[in-house]
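Q: Predicted model follows, preceded by the sequence.
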Amino acid sequence: MKFHEIVFEEKDNIKRARLHFENGYGASIVCNPGPFFKSYGGDQGLYEIAVLKDNSICYTTPITSDVIGHLSEADVEQIVNQIKNL
C-alpha cells in the first residue's frame, strides 16, 4: 500500500486513518500537533502508528510492543505493509 492511498479524516488540524486487513490486523495512524494529546512527532508533521487486532491496540506483534511515533510518510508506508503481511 502506498501512502497516498491512505484516506485520512481531518478535523481540528488532526489527521486520522484506520486501516483493516484480511489477516485481522490493522493500523491506526494519527498526526496530532497538539496542544493537548499530541501524537509522537505530530508537532513536526510526523505520524504515529498503533497496530490493531480486532479493533484494539495490539502490543504483541513482531513489529512493535507499543505505538511507533516520529514517522515520515515513507516510514508509515513501510510499517503499514508490514502489518498487512503479518
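A: Received, thanks. Not measured: the values here are computed from a predicted model.
Q: Pull the contacting residues for the residue of the chain positioned farthest from its centre.
A: What lies farthest from the middle of the chain is residue 35; by Cα atoms, centre = their mean that is 19.4 Å. When contacts are counted by Cβ atoms under 8 Å, 6 or more residues apart in numbering, residue 35 touches no other residue. Where C-beta positions appear, they are placed from N, C-alpha and C, glycine not excepted.
Q: pretty sure residue 8 is touching residue 17, no?
A: Yes: here residue 8 lies in contact with residue 17, judged by Cβ atoms under 8 Å, at a distance of 4.7 Å.
Q: which residues are in contact with both of these two?
A: residue 29.
Q: Those two: which is more packed in?
A: A count of neighbours by other Cβ atoms under 10 Å puts residue 17 above the other of residue 8 and residue 17, at 18 against 13.
Q: Checking my notes, that one in a strand, right?
A: Yes: if the criterion is DSSP: H, G, I helix; E, B strand; the rest coil, then residue 17 is within a strand.
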